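Enquirer: sequence and predicted model, in that order:
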Amino acid sequence: MRLKDKVAIITGAGRGIGEATAKKFAEEGAKVVVASLFAEEVETTVNEIKAEGGEAFGVVVDVTNREHVDKMINEAVEKYGRLDIIVNNAGITADSTLVKMTEEQWDKVINVNLKGVYNCGQAAAKVMVEQGSGVILNASSVVGIYGNYGQTNYAATKWGVIGMTKSWAKELGKKGVRANAVAPGFILTPMTEKMPEKVLDMMKEKAPVKRLGLPEDIANAYLYLASDEASFVTGTVLEITGGVVL
């Protein structure tokens, strides 16, 4: 098992990529803290992990609320005595073209996708620095690197996540903490289901592998970066796109 006895927090773990990552980590021996804003989804993911013989407990958390985040970190450490991995996966979209985007759409996405990652990353880093080891993994996106029509707010946050990741890698490496980001392409999740079918079909055709990604494809990338196999990998942005950007 590649994560045997590691303690991992995954935010946004009630659905999509976060859910797949929580289950994958549990399969590989991690003790998983399933975190999400939605209590029913937390309960479902935890129960499914336990049904497969894994170890997990759930936390309802709003990543934009620092008190929620600190409570989540503290609960994990109190229960397991340490924190080895955090996957800052929670994110939202609120799409609109530049001239039509509202301040509310901008602020909402910035708060969750950027401030939320900062809140969780900082809180986790304090524990990891004190124990002398840890891995911080952040959810960026291919959109953050190359941009996308109607996603000014989302692209800004995902590019910002890359900047934070590289900064953290420089600051925390000497403390024994690695920081990396994953930049998925178009993945079949509840988030992408909101996109027009013709756009998804176009992306499928554009990708050399001729399919959209699955949540498990991203979970596998997080697994590698979280494992000791990636002990010399930090400050990296791993694109998992099926070649759609070529």
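Expert: Perfect, thanks for sending it.

Enquirer: hey, C-alpha coordinates of stretch 222-242 in PDB?
Expert: Extracted C-alpha coordinates of stretch 222-242, given in PDB (Å, rounded to 0.1, in the frame of the first residue of the first chain):
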ATOM      1  CA  TYR A 222      -2.800  12.800  -6.600                       C
ATOM      2  CA  LEU A 223      -1.900   9.400  -5.300                       C
ATOM      3  CA  TYR A 224       1.500   9.500  -7.000                       C
ATOM      4  CA  LEU A 225       2.200  13.000  -5.800                       C
ATOM      5  CA  ALA A 226       1.200  12.100  -2.200                       C
ATOM      6  CA  SER A 227       3.300   9.000  -2.100                       C
ATOM      7  CA  ASP A 228       7.000   8.600  -1.300                       C
ATOM      8  CA  GLU A 229       7.600   7.800  -5.000                       C
ATOM      9  CA  ALA A 230       7.300  11.600  -5.500                       C
ATOM     10  CA  SER A 231       9.700  12.500  -2.700                       C
ATOM     11  CA  PHE A 232      11.800  14.600  -5.100                       C
ATOM     12  CA  VAL A 233       8.800  16.300  -6.700                       C
ATOM     13  CA  THR A 234       7.800  19.800  -5.400                       C
ATOM     14  CA  GLY A 235       6.600  23.000  -7.000                       C
ATOM     15  CA  THR A 236       5.300  21.000 -10.000                       C
ATOM     16  CA  VAL A 237       2.100  21.500 -11.900                       C
ATOM     17  CA  LEU A 238       1.000  18.100 -13.300                       C
ATOM     18  CA  GLU A 239      -1.300  18.500 -16.300                       C
ATOM     19  CA  ILE A 240      -3.700  15.600 -16.700                       C
ATOM     20  CA  THR A 241      -5.500  16.500 -19.900                       C
ATOM     21  CA  GLY A 242      -5.500  13.600 -22.400                       C
END
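
Enquirer: residues touching it, excluding its own?
Expert: Residues from elsewhere that reach stretch 222-242, judged by CB atoms under 8 Å, 6 or more residues apart in numbering: 2-3, 6, 8, 21, 24-25, 28, 85, 87, 135, 137, 140, 142, 145, 162, 165-166, 169-170, 173, 178-186, 207-209, 211-213, 217-218, 221, 245. Yep, even glycine has a C-beta here, placed from its N, CA and C like the rest.

Enquirer: same thing but at 7 Å, please
Expert: For stretch 222-242, contacts defined as CB atoms under 7 Å, 6 or more residues apart in numbering pick out 2-3, 8, 21, 24-25, 28, 85, 87, 135, 137, 140, 142, 162, 165-166, 169-170, 173, 178-185, 207-209, 211, 213, 217-218, 221.

Enquirer: local confidence estimate at R178?
Expert: Predicted confidence (pLDDT) at R178: the value is 98.

Enquirer: kindly apply the preceding question to K198 instead.
Expert: pLDDT, K198: 84.

Enquirer: middle-most residue in the chain, spatially?
Expert: Closest to where the C-alpha atoms of the chain average out (CA atoms, centre = their mean) is N89, at 2.1 Å.
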